[in-house]
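# I'll drop the sequence and a predicted model, then ask my questions.
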Amino acid sequence: MTDVTITVPQDIVQALRLPPDTVAAELQRELAVALYQRGILSSGKAAALAEMSRWEWEELLGARKLPRHYADEDLDRDIAYAARS
């Protein structure tokens, strides 16, 4: 697996007006959200990219009022799991 590094020009970093020690994590989180919204990453992979737990990721989606991608197969699996419990 290859890691990808993105270079962000200093003037862009300054324009973000974020504490310097939070810039990388914030950009990584925003990339995860954007790729999830576009359907490129699953919820689990987006949470991993954002370096968040699934719970934290779900909280973030809720706070931003972002729709969850929930396929029929996921619903069927959850119903089957609930029926076994």
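Nice, I can see it. Everything quoted here is computed from the prediction, not taken from an experiment.
# Quick check: residue 61 touching residue 55?
No - Residue 61 is beyond contact range of residue 55, at 11.0 Å (criterion: Cβ atoms under 8 Å). Where you see a C-beta, it was placed from the backbone N, CA and C, and this is true even at glycine.
# the more surrounded of these two?
Neighbour totals were compared for residue 61 and residue 55, and residue 61 leads with 19 against 9 (other Cβ atoms under 10 Å).
# And the more buried one, its phi and psi?
phi -60, psi -40 (degrees, to the nearest 10).
# for it, what are its contacts?
With contact taken as Cβ atoms under 8 Å, 6 or more residues apart in numbering, residue 61 is in contact with 36, 43, 68.
# Go through those and give me the one with the most neighbours.
residue 36 (24 neighbours).
# Skipping adjacent residues, who's closest to that residue in space?
residue 46 (3.8 Å; Cβ to Cβ, 6 or more residues apart in numbering).
# For residue 48, grab the count of nearby residues.
Neighbours of residue 48 (other Cβ under 10 Å): 15.
# that older thread, state the mean pLDDT of the helix or strand where the residue nearest to residue 36 lies.
Element membership for residue 46, per DSSP states H and E: helix 43-49. Across helix 43-49, pLDDT averages out at 94.
# Need the contact partners of that helix.
Contact with helix 43-49 is made by 28, 31-33, 35-36, 41, 53-54, 56-58, 61, 68-69, as judged by Cβ under 8 Å, 6+ apart.
# buried subset of those residues?
With burial judged by 16 or more other Cβ atoms under 10 Å, the buried subset of those is 32, 33, 35, 36, 41, 57, 61.
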